[in-house]
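*Asks:* Predicted model follows, preceded by the sequence.
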Amino acid sequence: MAKIWSLSTKYYDKKKKKKYPGITKVIIDQSKEGLNKLRLDVYGPLGFVHVGTLIINNDQIFIKTMSGERFEGEATPEGVARVLRVPIEPMDLFSLFTQEGFADKTWMCTQNENNVLSECRHRPYDIMVQWSGLMNQSGTKLELEHPRAEVRFKVKSYTEKSNLDQALFSF
């Protein structure tokens, strides 16, 4: 079952002291066999200009930016930082959007009264994450804080789809 989010997004590059508003679309397809696929598309503020794409297909990553930069190879935190400006383990992106526990034990998390992740800290990468509610509800906020950047997502819509075109995850 694929999970699809449309999110309003605000990126703040702390080094450049610049804000970048935008729209982000995230698609996650996790199979029962343990195969994990994620596609993250970033658009400008009105949703017309495509700024970049990040695709994770198990342990491989593909990145294409508006400037024409392309990268294909092993999924690494620095690869993710090319799009999100925050170095985070690629497999941890699945946990960010699904609010399921992180496999990496370097995350220290707290849960709300409904046993759902509400705040997590990753000491090695100095990342703090907060959720204001459930990621499958409109209006929920997901905030990432890092010394390089802040990224704030707000859920505009969430859907689930059973028959997803697998070409979306091709490089």
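*Replies:* Yes, it's here. The model shown is predicted, which means the values in this text are computed figures rather than measured ones. Residues are numbered from 1 along each chain as shown.
*Asks:* does residue 89 really touch residue 79, like I thought?
*Replies:* No. Under the criterion of CB atoms under 8 Å, residue 89 is not in contact with residue 79, lying 10.3 Å apart. C-beta: built from backbone N, CA, C; applies to glycine.
*Asks:* got any ranges where the protein has weak pLDDT?
*Replies:* 31-35 (pLDDT under 70).
*Asks:* Strands along that one, start to end?
*Replies:* 2-13, 18-30, 36-43, 50-57, 60-65, 70-74, 107-111, 117-122, 127-131, 141-145, 149-161 (DSSP state E).
*Asks:* Please name every helix or strand in contact with the second one.
*Replies:* Read it as strand 18-30. strand 2-13, strand 36-43, helix 90-98 (3 or more CB pairs under 8 Å, 6 or more residues apart in numbering; DSSP states H and E).
*Asks:* Just the residues contacting the second one, thanks.
*Replies:* The reference is to strand 36-43. Outside strand 36-43, the residues that touch it by CB atoms under 8 Å, 6 or more residues apart in numbering are 9, 22-30, 49-58, 83-84, 90-91, 93-94, 166, 168-169.
*Asks:* pull the CA atoms of it into PDB?
*Replies:* Extracted C-alpha coordinates of strand 36-43, given in PDB (Å, rounded to 0.1, in the frame of the first residue of the first chain):
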ATOM      1  CA  ASN A  36      11.400   0.300   0.600                       C
ATOM      2  CA  LYS A  37      10.800   2.900  -2.000                       C
ATOM      3  CA  LEU A  38      10.400   6.700  -1.500                       C
ATOM      4  CA  ARG A  39      10.000   9.500  -4.000                       C
ATOM      5  CA  LEU A  40      10.200  13.100  -2.800                       C
ATOM      6  CA  ASP A  41       9.500  15.900  -5.300                       C
ATOM      7  CA  VAL A  42      10.100  19.600  -4.400                       C
ATOM      8  CA  TYR A  43       8.300  22.400  -6.200                       C
END
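*Asks:* Give me the distance from that strand to the chain's centre.
*Replies:* 7 Å (CA atoms, centre = their mean, to the nearest Å).
*Asks:* same question, stretch 24-31
*Replies:* That offset, for stretch 24-31, works out to 9 Å (CA atoms, centre = their mean).
*Asks:* again, but for stretch 111-128
*Replies:* Put simply, stretch 111-128 sits 15 Å off its chain's centre (CA atoms, centre = their mean).
*Asks:* ditto for stretch 120-132
*Replies:* So, by CA atoms, centre = their mean, the centroid of stretch 120-132 is 13 Å from its chain's centroid.
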